[in-house]
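Asker: Generate coordinates for the sequence data below:
(one chain, ligands or ions: 1)
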Amino acid sequence: MKTQILQLVEQSTKEVNPHTFDIEDGVETKQLSQLLVLERTAASRYLNTLVKEGKLVKINSRPVYFFHRQTLEKMFNLPLETNEFRSFFDLEVALGLVEDLKVNVFEELIGWDRSLIQQVEQCKAAISYPPKGLPFLLAGESGVGKSYLAKLVHHYAIIQGILKSDAPFVTLNCAEFANNPELVTANLFGYTKGAFTGAERDKKGVIEKANEGILFLDEAHRLTPEGQEKLFLFMDQGIYHRLGDNEEWRAASVRLIFATTELPGKAFLTTFTRRIPIIVELPSLKDRTDYEKYQMITSFYQSESKEIKREIVLHSNVLDFLMDTSRAGNIGALKNAVRYSCAKAYSEALETDKKLRLEISLKHFPADDMHKYMIDKAENEDHSQFIDHLIPINTNGQLYPDPYTSKYKSDLEKVYEQLLNKYSEFASRQEHHQLYIDRVSLYVNDYIDKLVFYSDLQETRIEFSVIHQFVKQFISLKSDNNFSAGVLSSLSGNTIIAFTHFIFYSSNQRVTIKEENRVLEFIQFLDRTCQKEWLIINELMDGLTQTFNLHFSVMDKCILVLFINGLKNQQVKESIQCLVVAHGFSTASSISNVANRLLGKHIFKSFDMPLQVDTLEIIRRLNDYLDAVDTSRGVIIFVDMGSLVDVQKKLNCLNNSTVAVVNNITTQIAIDAGEKLLKGLSVNQIVEEITLTHKPQYRIFHPRLEKRPKAIITTCVTGIGTAVKIKELLEKSVDGKHIQVVAYDFLCLKNNQEKESVFQDFDVICIVGTANPEIENVSFLPLEDIISGHEEEELMYLLKPHVEEASIQKINNNLIKHFSLQSVLNHLTILNPNQLMEHLSDALELLQNLIGRRFSNATRISMYVHLSCLIERLVTQRPIDSYPNLETFNQQQEEFIQVVRQAFESIEKTYSITIPLTEIGYIYDMVKIKVQ
Ligand SMILES: Nc1ncnc2c1ncn2[C@@H]1O[C@H](COP(=O)(O)OP(=O)(O)OP(=O)(O)O)[C@@H](O)[C@H]1O
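Answerer: Predicted structure coming up:
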């Protein structure tokens, strides 16, 4: 009998496919006893004897599996040192199958080092968070890889020793029980016999099964509110009752991963989302880069090739066909399309000839999809599908031979050209230098973004990673230094990677620079206007040249100076400082990065606190940072633990700034706070509003200063953007040393009056703006009156007590110079002011005729200012998209809306814009206020 058993296991092991080797390929005791009609204990005894004799290999999982030792050793060409393994994973390690995975399990997740870099960091942080990990939610459309990522996290936790090697991974798909909350509870917590009709015996729930491991709750949005609530107690205390047994408390230690295809805010109770501090959002297939789509397609074909043991070649138009995500939809569907084509080609090859190589062409896809593709191509006169060639799917999947595709190769020369040409244009027009710098910084940022996008460079490549490390260290060193901290504060995570890409790329190029005189002039200009950036970049590039013998042209330095300038512009100027301080290696930076990315602005600065870093060290870092930036609008510090609540006591900026400490931080809180900050709310308002939804504890501290700095407030009824621009103009005119200019949200001023924090932080001299927030005891000077010269005198009168006699005349001259209508419009918009004024003059004339009223000169000027900002908003696609009581306005002011549409018809055509109803609402307010 023993020999027969040995032969059976040997036969079964010989049938293993080494590419898909899995635990279930082994033989179970139960299986064997059934097959040989043998008592289970007897079968088990024989098997264990064979293990002891070194003939079989045993995996001590549940159930236990057996393999034939010699067959495995031959198959994987590696001798085994032992016969017993704690888990299948240990066997894989012993057979050398998962050595690479030990280094990075996430490597098989396409995008782990690119578009999913953040998500992988979040998962690692959540699962490792001591002592029991943090529950997290994977959110994303169907088929974007949520289940796949959850399984990799399980693997990662085992490899890192966070979980034991046989830790279970249990999945519960909540959609299966969507309409039967009792069944969900029964499946989650288990039940006792008789707990409900059909409960014929006691049964374990998935929580019990997942003890010491991971429970993955898929489609978690289908959990009913009752179901969610029942999980709370378990999430909070780790204890639960089985259904039908309210006596016995059971305990389990389970790490929870949730997944949903819904927007997290919509599908869950807020009490529930509050308990899930990390939300990992997975991008849909259409938002992945071309390179990643390409990697997916080739890797899916590679797996199929291994599975069917056939070499595969693709017709290039198949790649083109599959890369178009509007067809594939999601990653799962893409994988299915690949499988479908392989199955079809395989069966066709069996019918016709038996040649080894499978050629996949368009005919191997469903006919409807393929025809649609051909028609689309023909309609777009894209004949690329006719220039077909064959692509071998080799294991390296190399299609893009160069890290930077030919599209961006040698473009550097063109970028130099553009910068110099734009500089010559600017020099001849005598514009303000900041306008030029802002414009070309945008251009440079766009270029570097594309460079990264089209690069197929593995960022883990050793040459890249050493340069990346060097740059990171340089930046972290300089960030501790007052001189450079402000300049480099916008560089972090992804932007440092982009920065390194450019360094890596440009140092490999050899572009000869012509017209040296022009270059010299350009360098002198940048050295003058961006002095700090210039010095820092020079130091960095010199360091790179000395350490790695890299060579750069002087124009490369200019590009990097402009790049960091562009990033600074993405930061919200004059903003409240928002800091996230959290324990863990990357919790704070993950939250900040996700929030900054979603908000499209660099709002949050993160301070990660690995557990060995003490509070004093963090306070030192906070002080270094806050001392280097402008804290006049206040500071909000989000902390993750009670121990940090008292940090503000030791902050230097408490002498002159309002500081709020919020004792909770999740990505959701960060996003909510960021949105409120962008709307221009004050520290008080932001903190109070997030407390309504998220209920964190917070404390606010006002400056200790007796003597507050003096300030002029600028404001605009249509938002903070215009107020900031008015502020910039005023700053150029007044003496900034003695008087600060602060841009402020109109509604905050109007609603909260002197309760607004700006009045605690500053001694306010007056408010300048486009509409009066009517604050008692504070003078308001309309912008149009300053432009028309009516209020210049008043402003001078208000300023007199605060500035030296000698400066007064200078300020007066500056005001006249900077506040002509033309220069105001020039500053407020990127559009040509002369042309704009002509169009606006016609439109205003028509508007007056249609409503049968003449506007005063002052009203006309303020309309010019308001309308030019409006047109700029629409041209740059940033309209104001909310207006109080829009529906009522639409119903009650139908006639006015028609009149505006008629008056602005010609402007809409000229600038290819459509004025939305919300903006018409603000025009109405403007006309109403001014005419009254
Ligand atoms: N980044 C990736 N790299 C490689 N394969 C991936 C990746 N993302 C997803 N896949 C593959 O795509 C398929 C679908 O993924 P998965 O089932 O994890 O999606 P899902 O988001 O859980 O979908 P659903 O919401 O429908 O359950 C899987 O076969 C998975 O292997």
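
Asker: How about Tyr191, nearest residue that isn't a chain neighbour?
Answerer: Leu243 (3.9 Å; CB to CB, 6 or more residues apart in numbering). C-betas here are computed from N, CA, C, even on glycine.

Asker: Would you list the phi and psi of Phe258?
Answerer: Backbone geometry at Phe258, expressed as degrees, to the nearest 10, gives phi -110, psi 160.

Asker: how much space between the closest residue to it other than its chain neighbours and the ligand?
Answerer: Sequence neighbours aside, Ala220 is the residue nearest to Phe258 in space, at 4.0 Å (criterion: CB to CB, 6+ apart). Separation of Ala220 from the ligand (CB to the nearest ligand atom, to the nearest Å) stands at 11 Å.

Asker: Next, work out how far apart the residue nearest to Tyr191 and the ligand are.
Answerer: 27 Å.

Asker: Repeat that for Tyr191.
Answerer: Tyr191 is 26 Å from the ligand, by CB to the nearest ligand atom.

Asker: which residues does Gln546 contact?
Answerer: If you count contacts by CB atoms under 8 Å, 6 or more residues apart in numbering, Gln546 has none.

Asker: Tell me which helix or strand comes right after whichever strand or helix holds it.
Answerer: Gln546 is part of helix 531-548 when elements are defined by DSSP states H and E. Using DSSP H and E, the helix or strand that follows helix 531-548 in sequence is helix 554-570.

Asker: And the contacts of that following helix?
Answerer: In contact with helix 554-570 (CB under 8 Å, 6+ apart) are residues 415-416, 419, 437-438, 440-442, 444-445, 447-448, 487-488, 490-491, 495, 498-499, 502-503, 506-507, 511, 513, 519, 522-523, 526, 530, 533-534, 536-538, 540-541, 600-602.

Asker: Tell me the residues of this protein that contact the ligand?
Answerer: 109-111, 140, 142-148, 218, 261, 296, 331-332, 335 (CB under 6 Å from any ligand atom).

Asker: if we go to 8 Å?
Answerer: By the rule CB under 8 Å from any ligand atom, the part of the chain lying against the ligand is 108-112, 116, 138, 140-150, 218-219, 259, 261, 282, 292, 295-296, 299-300, 330-332, 334-335.

Asker: nearest residue to whatever residue of the stretch 501-650 of the chain ends up closest to the ligand other than its sequence neighbours?
Answerer: Nearest to the ligand, among the residues of the stretch 501-650 of the chain, is Val594, at 17.8 Å (CB to the nearest ligand atom). If the residues on either side of it in the chain are set aside, Val594 comes closest to Thr667, at 5.2 Å by CB to CB, 6+ apart.

Asker: Same check on Glu348?
Answerer: His364 (7.6 Å).

Asker: For burial, what's the neighbour tally of the residue in the stretch 601-750 of the chain that the ligand sits nearest to?
Answerer: The minimum distance from the stretch 601-750 of the chain to the ligand, using CB to the nearest ligand atom, falls at Thr667 (19.0 Å). Using other CB atoms under 10 Å, Thr667 has 25 neighbouring residues.

Asker: Please tell me the pLDDT value assigned to it.
Answerer: pLDDT for Thr667: 84.

Asker: And for the one 4 residues further on?
Answerer: As predicted, Ile671 sits at a pLDDT of 86.

Asker: repeat for Gly680
Answerer: 73.

Asker: Am I right that it is in contact with Asp745?
Answerer: Yes. When contacts are counted by CB atoms under 8 Å, Gly680 is listed as touching Asp745 (3.0 Å).

Asker: list the buried ones in the helix or strand hosting Ile808?
Answerer: Element membership for Ile808 (DSSP H and E) is helix 805-818. By neighbour count on 16 or more other CB atoms under 10 Å, the buried set for helix 805-818 is Ser807, Ile811, Asn812, Asn814, Leu815, His818.

Asker: Now do the contacts for the nearest residue to Leu795 once chain neighbours are set aside.
Answerer: Once flanking residues are discounted, Leu795 sits nearest to Leu781: 5.8 Å by CB to CB, 6+ apart. Counting by CB under 8 Å, 6+ apart, Leu781 touches Cys766, Ile767, Val768, Glu791, Glu794, Leu795.

Asker: and those residues, which are buried?
Answerer: For those, buried by 16+ other CB under 10 Å: Cys766, Ile767, Val768, Glu791, Leu795.

Asker: With pLDDT, distance to His583 and secondary structure as new columns, can these be given to me in CSV?
Answerer: Shown next, in CSV, are the buried ones among the contacts of Leu781 (pLDDT from 0 to 100; distance: CB to CB, whole Å; DSSP: H, G, I helix; E, B strand; the rest coil):
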residue, pLDDT, distance to His583, secondary structure
Cys766, 90, 46, strand
Ile767, 92, 43, strand
Val768, 89, 45, strand
Glu791, 65, 53, coil
Leu795, 77, 50, helix
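
Asker: okay if I get the residues you listed as TSV plus distance to Ser856?
Answerer: Listed next are those as TSV, based on distance: CB to CB, whole Å:
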residue	distance to Ser856
Cys766	22
Ile767	21
Val768	19
Glu791	14
Leu795	20
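
Asker: tell me which of those is nearest to Glu754?
Answerer: Ile767 (11.6 Å; CB to CB).

Asker: What's the separation between the closest one and Thr658?
Answerer: 19 Å (CB to CB, to the nearest Å).

Asker: okay, now the residue of the stretch 251-400 of the chain found nearest the ligand: neighbour count?
Answerer: Here the residue of the stretch 251-400 of the chain nearest the ligand is Gly332; by CB to the nearest ligand atom that distance is 3.3 Å. Counted by other CB under 10 Å, the residues lying close to Gly332 total 17.

Asker: tell me the contacts of the closest residue to it other than its chain neighbours?
Answerer: Leaving aside its chain neighbours, Gly332 sits nearest to Gly143 (3.2 Å; criterion: CB to CB, 6+ apart). Contacts for Gly143 (CB under 8 Å, 6+ apart) come out as Leu285, Gly329, Asn330, Ile331, Gly332, Ala333.

Asker: same thing but 7 Å
Answerer: Asn330, Ile331, Gly332, Ala333 (CB atoms under 7 Å, 6 or more residues apart in numbering).
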